[in-house]
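In: Any chance you can model this:
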Amino acid sequence: MHPNQLLIQTFYEAFARKDYRAMGECYHPDATFIDQAFDLKEAEVPAMWQMLCTRGKDLEVTFSNVMADDHHGSADWEARYSFSQTARKVHNVIHAEFLFRDGKIWAHTDTFNFHRWAGQALGFTGLLLGWTSFFQKKVQDTAMSNLRKFMSDRP
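Out: Residues are numbered from 1 along each chain as shown. Now for the predicted structure:
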């Protein structure tokens, strides 16, 4: 198995255990992370995983199709959890792309169907507005605000 493929597998195994410390160790200090809710760099990346793992009481993660070479990698993963703001059940299907530097994840991009996620997480409002850029921006702003507060509150 290629070392970067093993790195991705290690990352998702740690995620399935909610071991945010081990997840953070997989990232380069200059790492970036982007998805439909977050646009993060450096220390924000492991902090996001810590926030999600510690707040996700019923979070379940599975992964598959892990592939990697010297520079690029990818995986598919699924998250099942209760969305904290509404307690609604979510089953999010995600595709991840990775770039590596110095044996660590340097860039991580997750993509998923935002409209589908919004309908599950936010109900009728998400179904009605989840396809709009205005609504997505509101979700992004809320997610970033929650992360900043989480980072300022932790030791």
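
In: first vs last residue of stretch 51-69, how far apart are they?
Out: End-to-end distance of stretch 51-69 (C-alpha to C-alpha, to the nearest Å): 30 Å.

In: For it, list every residue counted as buried.
Out: Residues of stretch 51-69 classed as buried: 51-53, 56, 59, 61, 63, 66, 68 (neighbour count, 16 or more other C-beta atoms under 10 Å). The C-beta positions use only the backbone N, C-alpha and C, and glycine is treated the same way.

In: Now do stretch 84-99: distance to the chain's middle.
Out: 7 Å (C-alpha atoms, centre = their mean, to the nearest Å).

In: Can you pull out the residues in contact with it?
Out: 4, 8, 35, 55, 68, 71-83, 105-113, 117, 120-123 (C-beta atoms under 8 Å, 6 or more residues apart in numbering).

In: Equivalent analysis for stretch 134-152, please.
Out: 36-40, 43-44, 47-48, 50-51, 114, 118, 126, 129-130.

In: Identify the spatial nearest neighbour of Asp69, chain neighbours not counted.
Out: His2 (6.2 Å; C-beta to C-beta, 6 or more residues apart in numbering).

In: hang on, isn't that neighbour packed against His71?
Out: No - counting by C-beta atoms under 8 Å, His2 stays clear of His71, with 10.8 Å between them.

In: which of the residues in stretch 23-40 are buried?
Out: 23-24, 26-28, 31-33, 35-38, 40.

In: First-to-last residue distance for it?
Out: 15 Å.

In: swap in stretch 123-133?
Out: 17 Å.

In: now stretch 52-71
Out: So stretch 52-71: terminal residues 27 Å apart, C-alpha to C-alpha.
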